[in-house]
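> everything below, folded, please.
(one chain, ligands or ions: 1)
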Amino acid sequence: MIIYFTGTGNSRFLARKLAAALGDQLVSAPELIKRGERGKFYSEKPWVFVCPTYGWQIPRIFRSFIDDSEFDGAKDAYFVMDCGSGVGDARKGIIELCAAKGFEFKGLAEIKMPENYIAVFSAPDENTAEKLLRIGEKKALKVGEQIRAGETLQEKRPGPLGSFLSGPVNWGFYRFTIGDKKFRVTDKCISCGQCAENCMVNNITMEKGRPVWHGGCIHCMACICRCPAEAIEYGKHSVGLRRYYLD
Ligand SMILES: Cc1cc2nc3c(=O)[nH]c(=O)nc-3n(C[C@H](O)[C@H](O)[C@H](O)COP(=O)(O)O)c2cc1C
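Predicted coordinates for the structure are as follows:
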């Protein structure tokens, strides 16, 4: 079973490729999270978890989702993390998670995809994004073959910088960077309510036709990147930046 988490579609894109290659079932964690549900899963095929990298780790919310869900049947667990530049030493936390859940860790694949974090960085232009998608797709298909063969994924081992990024920097990232105080809506807003609809943690409500953020943001970038009127900004940083979203 392929269980994915996504904010702007990259991980879903890869998860779909893997599901097709493995002839396996696809589950959207954000849909369950939005409904306040956890999973009660059964699979005879290996578990494949696909997600973006947030602060050189798997997103905390996805980790909690896995932690709180029940998994029966297969024991083998593969992880696929897509990223803008690297996953640091996300492996360590994943191995701990696997131990807690009784999974046998079968490896972590790192796949570079278009950067979506426009609150802090910027998204690539269309051509670059397209190239990254094609390379990412190829890599996902190769990972699919390895999973089908029951192989353990070969990984490059993280160095001390990886441990630093996934450790203290990740902690500081959640403490100081993730938040919604800088989100604002401009006069371009068409009051469509898509932002509230697309917020998987139900952190946005529409008040007098305008979105209001309530402090529980996970920085998935869905509201700002999927706004059809490009009416959402993050401070001044996002002004003029390309929005990135993959359906
Ligand atoms: C909150 C946040 C944190 C991120 N942190 C990292 C990171 O530590 N390293 C990295 O290479 N990319 C990072 N990225 C980029 C995403 O991991 C990458 O663009 C991913 O493919 C987005 O997946 P999605 O479209 O499924 O949400 C981050 C993106 C967000 C929104």
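> got the contact list for Ala90?
Thr53, Trp56, Gln57, Ile58, Met81, Leu108, Ser166 (Cβ atoms under 8 Å, 6 or more residues apart in numbering). (Glycine included, C-beta is placed from N, CA and C.)
> would you reformat the residues you listed as a markdown table and include neighbour count, pLDDT and secondary structure?
As requested, the contacts of Ala90 are exported to a markdown table (neighbours: other Cβ atoms under 10 Å; pLDDT from 0 to 100; DSSP: H, G, I helix; E, B strand; the rest coil):
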| residue | neighbour count | pLDDT | secondary structure |
| --- | --- | --- | --- |
| Thr53 | 25 | 98 | coil |
| Trp56 | 25 | 98 | coil |
| Gln57 | 27 | 98 | strand |
| Ile58 | 25 | 98 | coil |
| Met81 | 27 | 98 | strand |
| Leu108 | 19 | 98 | strand |
| Ser166 | 24 | 98 | helix |
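> from the contact counts, what lies against the strand or helix carrying Glu130?
Using DSSP states H and E, Glu130 sits within helix 126-148. Counting contacts by 3 or more Cβ pairs under 8 Å, 6 or more residues apart in numbering; DSSP states H and E, helix 126-148 packs against helix 10-22, strand 76-83, strand 104-112.
> can the helix or strand that the shortest one is followed by be said to contact the ligand?
Spelled out, that is strand 76-83. Counting by DSSP H and E, the next helix or strand C-terminal to strand 76-83 is helix 90-101. No: counting by Cβ under 6 Å from any ligand atom, the ligand is not contacted by helix 90-101; separation bottoms out at 8.6 Å.
> show me which residues of the protein sit near the ligand.
So far as Cβ under 6 Å from any ligand atom goes, the chain lies against the ligand at 6-11, 52-56, 82-86, 113, 115-117, 219-221.
> quick check: domain ranges of the chain?
The record's domain parsing of the chain by automatic domain parsing lists 2-173, 179-234.
> on that earlier part again, in the helix holding Glu130, what counts as buried?
Within helix 126-148, the residues scored as buried using 16 or more other Cβ atoms under 10 Å are Ala129, Leu132, Leu133, Gly136, Glu137, Lys139, Ala140, Val143, Gly144, Gln146, Ile147.
> now these in TSV, with distance to Ala20?
Formatted as TSV, the buried residues of helix 126-148 follow (distance: Cβ to Cβ, whole Å):
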residue	distance to Ala20
Ala129	21
Leu132	19
Leu133	15
Gly136	14
Glu137	11
Lys139	15
Ala140	10
Val143	13
Gly144	8
Gln146	16
Ile147	13
